[in-house]
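S.K.: test case, fold it:
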Amino acid sequence: TVRLVDYVEARADHLRLLYPGVVVVTRVPGNCRERTIRVQPSLAHALLSLMQNAWQASRRNGSAVVTLAATAYGERVEFVVGDEGSGFAEERAGDLFASGGASHGLGIGLALARATIERMHGGMEAHSGASGSEVRVELPMEPAGS
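M.R.: Modelled structure (predicted):
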């Protein structure tokens with residue numbers, strides 16, 4: 001088990017090691033900072049893939065910022081990865097996670113991230129706006145003692 005805030009910071013540190021110029025802004029609400037969660041190792045890979053895509057989108061738009069937020073409520077945990085890229089057409093949101101659905105690269109990382117999240121009985125959705133895009137990952141909370 002790990003505290004949610006520590007898990008988020010570890011994911012941010014991993015991205016910082018891979019891309020020294022990235023600025024990762026982390027957010028975990030005060031009421032969730034001490035919450036402990038049990039996570040599968042594959043979640044780290046899925047979040048890293050989403051953060052790498054966010055970094056690439058931000059860089060193409062002249063920014064170095066990626067955000068990683070997390071919150072826990074009831075028996076669910078939600079992670080939100082955001083970028084400061086130029087966004088995507090909302091009608092493409094469902095296609096982003098299909099292999100080959102990305103506008104840059106092959107889109108395999110997004111497809112694998114989605115498969116991982118779905119295997120964990122979670123869901124993903126993407127939204128885009130004037131200030132960038134975000135991907136929300138919602139997962140059932142695994143009991144800390146199991």
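
S.K.: which of the residues in the helix or strand that contains residue 58 are buried?
M.R.: Per DSSP states H and E, residue 58 falls inside helix 41-60. By 16 or more other Cβ atoms under 10 Å, the buried positions in helix 41-60 come out as 43, 46-59. In this view, the C-beta of every residue, glycine as well, is placed from N, C-alpha and C.

S.K.: now the element after that helix, going C-ward?
M.R.: Counting by DSSP H and E, what follows helix 41-60 is strand 65-73.

S.K.: mind listing what that following strand pairs with, with the direction of each?
M.R.: Strand pairing for strand 65-73, using DSSP bridges, gives strand 23-27 (parallel), strand 76-83 (antiparallel).

S.K.: how distant is the last one from the center of its chain?
M.R.: I take that to be strand 76-83. Centre-to-centre, strand 76-83 and its host chain are 5 Å apart (Cα atoms, centre = their mean, to the nearest Å).

S.K.: now do stretch 15-23
M.R.: Using Cα atoms, centre = their mean, the offset of stretch 15-23 from its chain centre is 15 Å.

S.K.: what does the helix holding residue 58 rub up against?
M.R.: Contacts of helix 41-60 with the rest of the structure, by Cβ atoms under 8 Å, 6 or more residues apart in numbering, involve 10-11, 14-15, 18-19, 22, 24, 64-68, 79, 81-86, 102, 104-105, 109-110, 112-113, 116-117, 119-120, 132-133, 135, 137, 139.

S.K.: still on that earlier bit, residue 36 is nearest to which of the strands paired with strand 65-73?
M.R.: Closest to residue 36 of these is strand 76-83 (Cβ to Cβ; 10.9 Å).
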